[in-house]
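Visitor: got a sequence here, can you build the structure:
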Amino acid sequence: MSKLRLLSIAVIGLIIINIVIVGFLLLRKPLHLGQGRPPMEQEGPKQVIIETLNLDDVQIAEYGKLITSHQETMKMLEDSIKLMKNNLYQTLNDEVRADKDSIIDQLNAIQKQVEVVNYEHFFSLKKLCRPDQLDKFNILSTELAHFFVMGSKDAPPPKN
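Guide: Got it, this is the predicted structure:
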């Protein structure tokens, strides 16, 4: 077998392998984003909560308003945390680092606000529920921590 013929067979083989790989990548189902989580979790807490509680259209609209308000408040708090962390790490440039404890205390206070805002958000959601939805809400409330530690390896999987 000549070198030219062997080279031609190798090139054709590589082209076929490339076509198969590209076809596989284009035709397969997309992987779950978020480290292999099921599609239900990819939809986010909003859709999970709506489906779990079986919210009606009026409740969904009110819940949407709660979410918007919650997100605005959380964005403000997250910005404050970023600013405080930036300030904290700027103290590494100072020999005295006198502000370090004060900044850490401020970070703790902001984190406390984050927890209060999250708690109040879900308390408001509970107030949206009809009496027949409260049992489902109570079950859901035991799983709420999962939504806030989604990236954690120690986060428990949702109960089905």
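
Visitor: which residues sit against the helix or strand hosting residue 139?
Guide: For residue 139, the host element (DSSP states H and E) is helix 134-141. The contact list for helix 134-141 (C-beta atoms under 8 Å, 6 or more residues apart in numbering) reads 49, 52-54, 122, 125-126, 129. Every C-beta, even on glycine, is put in place using the N, C-alpha and C of the backbone.

Visitor: rerun that using 7 Å as the cut-off
Guide: Contact with helix 134-141 is made by 49, 52-53, 122, 126, 129, as judged by C-beta atoms under 7 Å, 6 or more residues apart in numbering.

Visitor: so which strand or helix has residue 106?
Guide: Using DSSP H and E, the element containing residue 106 is helix 100-128.

Visitor: okay, angle between that helix and helix 134-141 too, please.
Guide: 160 degrees (axes from the mean of the first three to the mean of the last three C-alpha atoms, to 10 degrees).

Visitor: quick one on the thing from earlier: of the contacts of helix 134-141, which is the nearest to residue 74?
Guide: The nearest member of those to residue 74, counting by C-beta to C-beta, is residue 122 at 13.0 Å.

Visitor: distance check, that closest one against residue 140.
Guide: 9 Å (C-beta to C-beta, to the nearest Å).

Visitor: so for the two, which sits in the more crowded spot?
Guide: residue 140 (22 against 18; other C-beta atoms under 10 Å).

Visitor: and the longest helix for this structure?
Guide: helix 57-90 (DSSP state H).

Visitor: packing partners of it?
Guide: helix 100-128 (3 or more C-beta pairs under 7 Å, 6 or more residues apart in numbering; DSSP states H and E).

Visitor: then the helix holding residue 139 to CSV, C-alphas only?
Guide: Taking C-alpha atoms only, helix 134-141 is exported to CSV below (Å, rounded to 0.1, in the frame of the first residue of the first chain):
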residue,chain,number,x,y,z
LEU,A,134,-50.9,25.7,53.5
ASP,A,135,-50.0,22.0,53.9
LYS,A,136,-48.0,22.1,50.6
PHE,A,137,-46.3,25.4,51.8
ASN,A,138,-45.3,23.7,55.1
ILE,A,139,-43.7,20.8,53.2
LEU,A,140,-42.0,23.3,50.8
SER,A,141,-40.7,25.4,53.8
